Each structure stands twice: as structure tokens, then as C-alpha cells.
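Asks: next comes the sequence, and after it the predicted model I'd like to discuss.
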Amino acid sequence: WNPTTVNTYWRMSPLQHVFMLGFFLLAVDTVLLGRTPEPPADAQACKTTCHRYGMKILGQWRREFTNMTSTIVCSSHCEDIFAGQDRNFEPGALTTRLSHH
């Protein structure tokens, strides 16, 4: 670290300060938006996302949601996906049970 670095920062013009702040915020935004959302925990969470018009978000989990425009069709598809799973379903539970036998 060089003490002249601090002096250089304070000698920048206001426009350069704005540019630096904008670049920093863009970098932070890119990191935060680059995260993949977690899949819904159950059918109810999936349907809630549908009713909030979150089909594009669900589409990052399963592609078939991407082009849906109807909340009813989306909710029905959630029921189909989560059919047969009990309410206490844990995604890794079946694999864990099979590995113990």
C-alpha cells in the first residue's frame, strides 16, 4: 500500500468518483444476479411462485416453466412435478436411505 494512492483518490474529479462508484455497484450487482435461485421446497412454494408470476425464475430450475404465461397452467405443472412426494420430502432422503442398506 502506498500513501500516495489515497492522495490520488481524493484528487479525482467528481465525474471519476461517480464512474468508480458505478463500476463498483455494477460488479456487486453482477455477483448477486449471477446466483441461481433455489428450487421450490414443495408444491405449495412452487404454486406461490407461479401466482406471483415467477415463471421465469422457475424456468431457471426447470426449462418448461420459462414460456408459461398462465398462473393456472404453471400451478398445475407444479402439482404434476411434486405429485407422489409427501409433505416431509427431503431431496436427498431417498439417496441416503438407499446407501444405508
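Replies: Everything's here; your move. Residues are numbered from 1 along each chain as shown.

Asks: tell me which residues are up against the longest helix that the chain contains.
Replies: For the chain, the helix with the greatest residue count under DSSP state H is helix 14-33. The list of residues contacting helix 14-33 from outside it, by Cβ atoms under 8 Å, 6 or more residues apart in numbering, reads residue 12. The way it works is simple: take the backbone N, C-alpha and C, and place the C-beta from them, glycine included.

Asks: now do it, average pLDDT.
Replies: Helix 14-33 shows a mean pLDDT of 76 in the predicted model.

Asks: give the next helix or strand downstream of it.
Replies: Of the helices and strands lying after helix 14-33 in sequence (DSSP states H and E), the nearest is helix 43-51.

Asks: show me what that following helix is packed up against.
Replies: Contacting helix 43-51 under the criterion 3 or more Cβ pairs under 8 Å, 6 or more residues apart in numbering; DSSP states H and E are the following elements: helix 55-59, helix 71-82.
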